[in-house]
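Engineer: Please find the sequence and the predicted model below.
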Amino acid sequence: MPEVNGENYLLRLNCEYQNNIDDLIRQSGGDVNVCYQSEREDWIQNMVAGGLGICFIPEFSAVIPGLELRPVIEPDVWREINLVIMSGRRMSPALMSFIKAVREYPWPASRFDLAV
């Protein structure tokens, strides 16, 4: 996180992890210059590709070709995702297939990437 200190930051407004990222930057003694914000992921990525700033994106996000990604190594950035099912409810065949797929998927240890 110290490496992003002073960088122009392109804020992804739909990033549900933004408050955590802000806290991690501050805890490292850094600060970023939020120079643009948008709900449009493609706009943010194109501005990053054009050299206008940086953004944080989840590791398995769809990214435009040529975008340079660097893993965030320290501090460790992670999130927990849960699948919750109400007990006693009838489940449709589609929902049962989804639950089975989630349980059998070989979930990797994910991380966030810094797009530069």
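Structural biologist: Great, that's in hand.
Engineer: got the buried residues for stretch 16-27?
Structural biologist: Neighbour counts using 16 or more other CB atoms under 10 Å place Tyr17, Ile21, Leu24, Ile25 of stretch 16-27 among the buried residues. The C-beta positions use only the backbone N, C-alpha and C, and glycine is treated the same way.
Engineer: Check stretch 63-75 too.
Structural biologist: For stretch 63-75, by 16+ other CB under 10 Å, it's Val63, Leu67, Val72.
Engineer: want to try CSV for those residues, with pLDDT as columns?
Structural biologist: Output for the buried residues of stretch 63-75, formatted as CSV (pLDDT from 0 to 100):
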residue, pLDDT
Val63, 90
Leu67, 89
Val72, 80
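Engineer: What separation do you get for the spatially most central residue of the chain and Leu13?
Structural biologist: For the chain, Pro58 is the residue whose C-alpha lies nearest the centre (CA atoms, centre = their mean; 2.9 Å). Per CB to CB, to the nearest Å, Pro58 is found 15 Å from Leu13.
Engineer: what does the longest helix along the chain contact?
Structural biologist: Ranked by residue count, the top helix of the chain under DSSP state H comes out as helix 93-104. By CB atoms under 8 Å, 6 or more residues apart in numbering, the surrounding residues in contact with helix 93-104 are Leu83, Ile85, Met91.
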